[in-house]
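**Student:** need the 3D shape of this:
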Amino acid sequence: MIGQIDNQDIKRKTTAILKILHDSREPLGGRIIARQLKDLGIELGERAVRYHLKIMDAQGLTRTEGKRDGRLITPRGIEELSSALVTDRIGSVAARIEQLAYRTSFDLKKRSGDIPINISILSRKNLEAALEAMAETFMAGICVSDLVAIAFEGEELDGQIIPSGMVGLATVSCVAISSAILKAGIPLDTRFGGILQIHGRQPVRFVELIEYSGCSVNPAEILIASRMTSVGAAAHHGDGKILANMIEIPVVCRPAAMTILSKLADAGFTGLIGVGKANESLYEVPVEANKLGIVLQSGLNPVAAAVEAGIEIENHAMSGLIEYKRLLKFEEIAGKVGS
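**Tutor:** Numbers count the residues shown, from 1 in each chain. Reported below is the predicted structural model:
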């Protein structure tokens with residue numbers, strides 16, 4: 001029985017390492033892999049990661065690349081990942097959100113600390129066009145914050161080195177809002193990600209929903225890739241479909257939550273869409289007993305507008321943390337790139 005548990009534990013760690021390598025465009029070493037495993041709640045030191053990698057090399061799941069100990073996933077590794085234990089994949093997004101929320105150290109008063117971000121990777125030659133497509137979305141407030149960070153070839157975002165000819169763009173994730181609520185002592189459940197219909201610049205109803213607890217890929221990534229949004233139209237005309245998330249909190253915590261949300265809005269976090277009433281549906285989505293719903297915008301809405309404009313972008317929603325001081329106003333970055 002013990003041997004069976006050990007084998008299952010090794011397989012889970014192997015699957016997690018393969019997933020990290022699969023999501024990276026560049027070879028990764030033991031140090032970065034160990035840090036990303038910690039984000040997933042897997043405590044495995046750098047030396048132990050290297051030990052696992054040697055075994056995975058021998059199995060043909062990974063291969064070394066470059067002079068250092070960087071690894072890439074092999075076709076056999078991709079095949080193994082696709083057939084990994086279902087229980088290791090289902091709900092992994094919800095678990096990652098919880099980890100990210102608790103690791104967030106942003107201090108609202110001091111405007112300092114680490115803040116959760118989404119990372120989008122695109123070709124350097126498409127950057128100016130992408131920023132132009134995003135501009136109206138930021139101006140319309142269809143975002144969590146108008147603060148962004150940019151990294152060019154060879155630079156890093158949350159430990160991820162930007163590949164040759166590419167650019168990395170970090171947008172503030174709605175987990176920043178969830179984290180502030182949690183740190184105020186308010187329990188919450190991240191329930192759904194989906195598409196919210198906007199009419200006359202007002203939210204109407206959810207037209208697509210994906211439950212986080214049963215999801216192995218972030219809903220925003222799926223919905224953007226499926227071209228199911230019309231964020232650009234919502235920003236320009238006031239009618240369209242944007243990305244949004246729904247969380248639930250206990251009814252008794254409403255006053256405290258409203259205080260936090262008000263402070264966030266004063267600090268420039270515009271991600272709040274609406275707060276429901278006790279035990280009542282919000283935008284046609286029911287809530288659990290003695291709970292109320294809070295709907296937040298996705299930080300990837302501006303990026304979705306760029307994808308709608310035909311620009312190819314690789315998105316990693318709720319992917320990591322960045323120091324608040326590294327963030328700049330979108331218009332400042334757009335002005336520098338366009339000049």
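**Student:** hey, let's count contacts and neighbours off CA atoms from now on
**Tutor:** Noted.
**Student:** ok, residue 95 - contacts?
**Tutor:** residue 40 (C-alpha atoms under 8 Å, 6 or more residues apart in numbering).
**Student:** confirm it sits in a helix?
**Tutor:** Yes: Residue 95 forms part of a helix when assessed by DSSP: H, G, I helix; E, B strand; the rest coil.
**Student:** how about the helices in this protein?
**Tutor:** For the chain, applying DSSP state H gives helices covering 2-22, 30-39, 46-58, 75-82, 86-89, 92-103, 127-139, 175-183, 219-225, 231-236, 254-266, 301-308, 330-338.
**Student:** JSON lines please, covering these and showing mean pLDDT and distance to residue 247.
**Tutor:** Conversion of the helices of the chain to JSON lines gives the following (pLDDT from 0 to 100; distance: least, C-alpha to C-alpha, whole Å):
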{"stretch": "helix 2-22", "mean pLDDT": "74", "distance to residue 247": "26"}
{"stretch": "helix 30-39", "mean pLDDT": "87", "distance to residue 247": "21"}
{"stretch": "helix 46-58", "mean pLDDT": "91", "distance to residue 247": "35"}
{"stretch": "helix 75-82", "mean pLDDT": "84", "distance to residue 247": "30"}
{"stretch": "helix 86-89", "mean pLDDT": "53", "distance to residue 247": "21"}
{"stretch": "helix 92-103", "mean pLDDT": "79", "distance to residue 247": "11"}
{"stretch": "helix 127-139", "mean pLDDT": "96", "distance to residue 247": "23"}
{"stretch": "helix 175-183", "mean pLDDT": "94", "distance to residue 247": "8"}
{"stretch": "helix 219-225", "mean pLDDT": "92", "distance to residue 247": "14"}
{"stretch": "helix 231-236", "mean pLDDT": "97", "distance to residue 247": "21"}
{"stretch": "helix 254-266", "mean pLDDT": "95", "distance to residue 247": "12"}
{"stretch": "helix 301-308", "mean pLDDT": "98", "distance to residue 247": "18"}
{"stretch": "helix 330-338", "mean pLDDT": "85", "distance to residue 247": "27"}
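**Student:** which stretch among those helices comes nearest residue 212?
**Tutor:** Between residue 212 and the helices of the chain, the shortest gap by C-alpha to C-alpha is with helix 92-103, which sits at 5.4 Å.
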